[in-house]
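>>> Quick one, structure for this:
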Amino acid sequence: MLNICVNCGLYRPDKIIDPAGPYAICPECGHRHLFRPLPLFIVSGASGAGKSTVCHHLLGKVTEVVLLDSDILWQPEFESPGAATPNFFETWLRVAKSIGQSGRPVVLFGSGVGVPDNIEPSIERRYFADVHYLALVCSDDALAGRLRDRPDWRKTYTPAYVSRQIAFNQWFKGRTRDLTPAVELLDTTSSSISSTAEVVTAWIRAKLAAVS
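Predicted structure coming up:
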């Protein structure tokens, strides 16, 4: 809704942000639209690190934010060579921005969304006050075991899939110091789901308290 100017009617996601309002200013006609630049929270990690399980565990318990799993918008065409995957990230930022205008920030659980280079250059990124990143990681052995223990229909037991996820898990562990913004890590190797969920809840609430 914010991308369509209420004055001239044109669709412009690349509005100019004036923090004084804060306003989103239409580049075509200059109309100044008040909006809420809320923070965005991203909980990421390789497949098997615990993202979706923690998200389900927190549903109905952490109500000051809106919890969403990024997989609900994933389509098979994003996996094809040359797919316009940036559209996936732009779409999610647009959804989170629209939800935020109702007054509650979004916590987005997903893998690719946790890579700052996929989010920070996005056109829709400008509408968020801050984006906070938390990656769930674990030992490679634990990750491989979790993936192999999943139901067969998920096909996460194949050596190629396990290898890719271990590489992504290691990527988070090795890149936290040079990523911008920083990505905080939470090791889930020996933690129960309830313990991990408690830490994630504390992380969300601490970030919210810092801006309230």
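
>>> and the helix or strand bottoming out on mean pLDDT in the chain, what does it pack onto?
Ranked by mean pLDDT, DSSP states H and E, the weakest helix or strand in the chain is helix 85-100, scoring a mean of 91. Using 3 or more Cβ pairs under 8 Å, 6 or more residues apart in numbering; DSSP states H and E as the contact criterion, the neighbours of helix 85-100 among helices and strands are strand 40-45, strand 66-69, strand 106-109, helix 116-119. (Each C-beta comes from the backbone N, C-alpha and C, glycine too.)

>>> Need those in CSV (columns: mean pLDDT, mean neighbour count and distance to S194).
CSV is the format used below for the helices and strands packed on helix 85-100 (pLDDT from 0 to 100; neighbours: other Cβ atoms under 10 Å; distance: least, Cβ to Cβ, whole Å):
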stretch, mean pLDDT, mean neighbour count, distance to S194
strand 40-45, 98, 26, 16
strand 66-69, 98, 18, 16
strand 106-109, 98, 25, 17
helix 116-119, 94, 17, 29
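
>>> now for the ones you listed, which one comes closest to T53?
Closest to T53 of the helices and strands packed on helix 85-100 is strand 106-109 (Cβ to Cβ; 9.6 Å).

>>> Give me the helices and strands touching the closest one, please.
Counting contacts by 3+ Cβ pairs under 8 Å, 6+ apart, strand 106-109 packs against strand 40-45, helix 51-58, strand 66-69, helix 85-100.

>>> in the protein, which spans are strands?
Listed from the start of the chain, the chain has strands (DSSP state E) covering 16-18, 23-25, 32-34, 40-45, 66-69, 106-109, 131-137, 183-187.

>>> and the residue nearest to E184 when sequence neighbours are not counted, bridged to which residues?
In space, E184 comes closest to L134 once its chain neighbours are excluded; the distance is 5.0 Å by Cβ to Cβ, 6 or more residues apart in numbering. L134 has these beta-bridge partners by DSSP bridges: V43, E184.

>>> What ranges in this protein fall below the confidence cut-off?
77-85, 176, 212 (pLDDT under 70).

>>> follow-up on the earlier one: and the helices and strands packed on helix 85-100 as JSON lines, adding distance to H33?
Conversion of the helices and strands packed on helix 85-100 to JSON lines gives the following (distance: least, Cβ to Cβ, whole Å):
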{"stretch": "strand 40-45", "distance to H33": "19"}
{"stretch": "strand 66-69", "distance to H33": "22"}
{"stretch": "strand 106-109", "distance to H33": "20"}
{"stretch": "helix 116-119", "distance to H33": "23"}
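
>>> For G103, grab the count of nearby residues.
Neighbouring residues of G103 were enumerated by other Cβ atoms under 10 Å; the total is 9.

>>> Not counting its neighbours along the chain, what's nearest S191?
The spatial neighbour of S191 that comes closest, neighbours along the chain excluded (Cβ to Cβ, 6+ apart), is V199 at 7.7 Å.

>>> Enumerate every residue touching A202.
Taking Cβ atoms under 8 Å, 6 or more residues apart in numbering, we find A202 in contact with no residue.

>>> would JSON lines of the strands of the chain with distance to N7 be doable?
As requested, the strands of the chain are arranged in JSON lines below (distance: least, Cβ to Cβ, whole Å):
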{"stretch": "strand 16-18", "distance to N7": "14"}
{"stretch": "strand 23-25", "distance to N7": "11"}
{"stretch": "strand 32-34", "distance to N7": "8"}
{"stretch": "strand 40-45", "distance to N7": "27"}
{"stretch": "strand 66-69", "distance to N7": "29"}
{"stretch": "strand 106-109", "distance to N7": "27"}
{"stretch": "strand 131-137", "distance to N7": "29"}
{"stretch": "strand 183-187", "distance to N7": "39"}
